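*Asks:* Below are the sequence and a predicted model for it; my questions follow.
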Amino acid sequence: MTVSNTAWKPAAPPSLTPPPALRADRPAKRGTYQRWRNLVWVLPAVLLLGVFAYLPLVQNLGFSMLKWDIYSGRQTFVGADNYIKMFNDPIFWKSLLNNTLYAGISIVFQVFGALILAAMIEGLRSERWRGILRAVYFVPSAISLTVAGLLFYFIYEPRMGILNAALEFLGLGSFTQAWLGQENTAIFGIIAMSQWQGFGYCTLLFAVALQRIPTELYEAASIDGVGPFRRFFSISLPLVREMSSLMMIVTVSGAFQVFNEVMVMTTGGPNNSSQVLGTWLYRSGFVRNDFGYAAAIATAVFVITLVLAVLQLRLSKRRRIEW
Amino acid sequence: MVTRTSVLVILGRVFVRAFLLALAVVVIYPLLWMLLNGVKSNAELFANPFALPVAWRWENYATAWNRGVGDYLTTSVLVTVASTVTTVFVSAWAAYGLTKVSIPFSRTVLILILAGLMLAPTVALIPLVKMFQAMGLHNSFWALLILYTAFRVPFTTFLIRAYMMDLPAEVDEAAAVDGASKSRAFWQIILPMCRPIIVSTVLLNILFTWNEYLFAMIFTSGGALQTLPVGLTNLMSKHGTDYPVVFAGMAIAALPVIVLFFAGQRYFIRGLADGVGK
């Protein structure tokens, strides 16, 4: 790390700073004023977050107790009605189940799978191949979910898609189907796309974490004749625990915020079978014109992500991220 | 001498390599398929999905561009540049305040900013729509700029703050002794020293903004104002029977970020290592 020469300029002439005598006059008051004035550093961030993130969060609670027609603008207070409606709404539960499936499958592939994959890559001797593989696996994460979603929409497409064509080629023609057009396969088709898109990012993060482990540990283990499996379980796994727990929370909370991929691939269909909380919220508010109910679903999403975050903080007190 | 274990180790190595290579093919092939379909004709697309194009129809790219992808791309570039600059600036400014300046309620402020990491955009969506309508900013460039900045500040501040904490206090003190004001020290000393983390947060924010869909879909409805992710779904619904053109549009949306990632890969990984690895 270097400071470039151009960045440094001679100090301002001393006359510009107040003479020390003045400062000594009212030290306490001046100090407090100075401290308050320092808030200017965090003001833009706090204002932005306060007005556009936290205020809407509170407003949302109020909205969730309204019956609200966006066209007529009429709002009536209905108390807990929207929440009662939500608990009796089978599509809400279906969405919640789909989000949970998303979280479960993503943990398997994007936390455990990515960790094992990262260990495999870092175990390669050639630095060049390690770099190439890390980059190749990451590429899908760089393209937008819209592109990835459309791409897999076409891959699953029965007439031009390569999935059915590949199955035919392998002699598994009996498995071919309209993957996104059927109630029992649509959500899995979307989840599979998500894994393809996201695992490279997690693998990269785990690779970075594995690189930080001192090589002496592995060398000592090799001298002791420890095999690759025990090296993984006794050295790598415990030493990337921080990263694993971080990935766990990122993956799980991400799974409860899924929106784009479902919107692009099925818009929640067929027959709401691939609906998730995000798309059901969108549909309730913006398509079925029931903003109060959409706000109630938003509260549910908030409570779920909050509980997950608190659980995570409890479980990983030893993490060095400072709060 | 070939022992039983060494045979196992070699077999293991062969297996690992074959697996890694097969996975690389699974990852790359769909993208290649996308690029190739962008230069096919509709008939070719349905004839054999694996076949190479017979005549390479590069004009599909021009068609996609003229059917709106050009406009969407311009909007995306504009929104991405503007919100990345604002986000990184606001975050670095706040990170400096949190690490090198004494402020009242610093712990509360820190928690307030970092707690934003857990906020899902969907949760605030309904009130935000009403708020932006009341402000007359619905369906405007400003709505996207403000929202992208607000929702990216927590993560960006988190990364930059971690980096600034590791800068020695002496640097700042020396500047103060020389009579430099806090803001002068920030611009001329601290910011240049933070260049590595600034570069990687810039990359991460570009990646995010370029690909964002939810806010872009809800807060813009005018054709020219739409970003690429939303524009592509339009292209799909309007010209959905002209599949190769849609594929060409997808490629136009995907390629800039892939190129950018490969160009900045070194910084990107370093930023991840510094920020998330802590």
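*Replies:* That came in fine, so what should we check first? Just so you know, these numbers come straight off a predicted model, no measurement behind them. Residues are numbered from 1 along each chain as shown, chains lettered A, B, ... in the order given.
*Asks:* And the strands in the stretch 1-150 of chain A, which stretches?
*Replies:* Per DSSP state E, counting those that start in this stretch, the stretch 1-150 of chain A carries strands over the ranges A:66-68, A:75-77.
*Asks:* and these as JSON lines, adding mean pLDDT and distance to A:Thr203?
*Replies:* C-beta: built from backbone N, CA, C; applies to glycine. Formatted as JSON lines, these follow (pLDDT from 0 to 100; distance: least, C-beta to C-beta, whole Å):
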{"stretch": "strand A:66-68", "mean pLDDT": "84", "distance to A:Thr203": "44"}
{"stretch": "strand A:75-77", "mean pLDDT": "83", "distance to A:Thr203": "48"}
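*Asks:* Could you look over these and pick the most buried one?
*Replies:* Highest mean neighbour count among those (mean count of other C-beta atoms under 10 Å in any protein chain shown): strand A:66-68, with a mean of 20.
*Asks:* Sheet partners, orientation included, of that strand?
*Replies:* strand A:75-77 (antiparallel) (DSSP bridges).
*Asks:* Pull the residues that contact the strand it pairs with.
*Replies:* Contact with strand A:75-77 is made by A:Met65, A:Leu66, A:Lys67, A:Trp68, A:Asp69, as judged by C-beta atoms under 8 Å, 6 or more residues apart in numbering or on different chains.
*Asks:* In contact with the third one, which residues?
*Replies:* The reference is to A:Lys67. Counting by C-beta under 8 Å, 6+ apart, A:Lys67 touches A:Gln75, A:Thr76, A:Phe77, A:Val78, A:Asp81, A:Asn82, A:Gly292.
*Asks:* Enumerate every residue touching B:Leu167.
*Replies:* Per C-beta under 8 Å, 6+ apart, neighbours of B:Leu167: B:Thr99, B:Ile190, B:Met193, B:Cys194.
*Asks:* neighbours around the residue lying closest to A:Leu55 once chain neighbours are set aside, how many?
*Replies:* Spatial nearest neighbour of A:Leu55, chain neighbours left out: B:Pro127 (7.5 Å); criterion: C-beta to C-beta, 6 or more residues apart in numbering or on different chains. The tally of other residues near B:Pro127 (other C-beta atoms under 10 Å in any protein chain shown) stands at 22.
*Asks:* now the helix or strand where B:Pro127 lies, how far from the chain's geometric center?
*Replies:* Assessed by DSSP states H and E, B:Pro127 sits inside helix B:121-134. Remark: helix B:121-134 is offset 23 Å from the chain centroid, using C-alpha atoms, centre = their mean, to the nearest Å.
*Asks:* Remind me what it packs against, helices and strands.
*Replies:* helix A:55-63, helix A:277-282, helix A:291-315, helix B:141-165, helix B:214-219 (3 or more C-beta pairs under 8 Å, 6 or more residues apart in numbering or on different chains; DSSP states H and E).
*Asks:* Between those, which has the poorest mean confidence score?
*Replies:* Among those, helix A:291-315 has the lowest mean pLDDT, at a mean of 88.
*Asks:* now the angle from it to helix B:121-134?
*Replies:* 140 degrees (axes from the mean of the first three to the mean of the last three C-alpha atoms, to 10 degrees).
*Asks:* and the angle for helix A:291-315 with helix A:55-63?
*Replies:* Interaxial angle, helix A:291-315 versus helix A:55-63 (the same axes, to 10 degrees): 120 degrees.
*Asks:* can you count the residues close to residue 38?
*Replies:* Using chain A. A:Asn38, neighbours per other C-beta under 10 Å, totals 17.
*Asks:* not what I meant, chain B
*Replies:* Neighbours of B:Gly38 (other C-beta under 10 Å): 24.
*Asks:* now the one 4 residues further on
*Replies:* Per other C-beta under 10 Å, the neighbour tally for B:Asn42 reads 13.
*Asks:* Quick check: it vs A:Met160, distance?
*Replies:* Between B:Asn42 and A:Met160 the distance is 9 Å, computed by C-beta to C-beta, to the nearest Å.
*Asks:* what do you get for B:Ala224?
*Replies:* Using C-beta to C-beta, B:Ala224 is found at 31 Å from A:Met160.
*Asks:* Could you check which of those two has the larger neighbour count?
*Replies:* More neighbours surround A:Met160 than the other of B:Ala224 and A:Met160, with 19 against 11 (other C-beta under 10 Å).
*Asks:* which other residues reach stretch B:148-156?
*Replies:* The contact list for stretch B:148-156, computed with C-beta under 8 Å, 6+ apart, reads A:45, A:48-49, A:51-53, B:79, B:83, B:86-88, B:90-91, B:94, B:113-117, B:119, B:121, B:201, B:204-205, B:208-209, B:212, B:215.
*Asks:* Just the buried ones from those?
*Replies:* Among these, the ones that count as buried by 16 or more other C-beta atoms under 10 Å in any protein chain shown are A:45, A:48-49, A:52-53, B:79, B:83, B:86-88, B:90-91, B:94, B:113-116, B:119, B:121, B:201, B:204-205, B:208-209, B:212, B:215.
*Asks:* Can you tell me the closest non-neighbouring residue to A:Ile71?
*Replies:* Let me fix one detail, which is that residue A:71 is Tyr and not Ile. A:Asn289 (6.7 Å).
*Asks:* Give me the common contacts of B:Asn42 and A:Met160.
*Replies:* Contact criterion C-beta under 8 Å, 6+ apart; residues shared by B:Asn42 and A:Met160: B:Tyr243.
*Asks:* Tell me, how many residues neighbour the residue in the stretch 51-200 of chain B that chain A sits nearest to?
*Replies:* Closest to chain A within the stretch 51-200 of chain B is B:Gly97: 2.5 Å, counting by C-beta to the nearest C-beta. Using other C-beta under 10 Å, the number of residues around B:Gly97 comes to 28.
*Asks:* which residues sit in contact with it?
*Replies:* By C-beta under 8 Å, 6+ apart, the residues touching B:Gly97 are A:Asn38, A:Leu39, A:Val40, A:Trp41, A:Val42, B:Ile103, B:Val109.
*Asks:* Name the surrounding residues that touch stretch A:299-318.
*Replies:* A:57, A:60-61, A:64, A:83, A:86, A:92, A:96, A:242, A:245-246, A:248-249, A:252-253, A:256-257, A:277-278, A:281, B:118-120, B:122-123.
*Asks:* Apply 6 Å and report the result again.
*Replies:* A:Ser64, A:Ser245, A:Ile249, A:Val252, A:Ser253, A:Phe256, A:Leu277, B:Met118, B:Ala120, B:Thr122, B:Val123 (C-beta atoms under 6 Å, 6 or more residues apart in numbering or on different chains).
*Asks:* quick one: the helix or strand hosting the fourth one to helix A:291-315, angle?
*Replies:* With secondary structure defined by DSSP H and E, A:Val252 is part of helix A:241-255. On the basis of the same axes, to 10 degrees, helix A:241-255 is oriented at 170 degrees to helix A:291-315.
*Asks:* contacting residues around B:Val109?
*Replies:* Applying C-beta under 6 Å, 6+ apart, the residues near B:Val109 are A:Val42.
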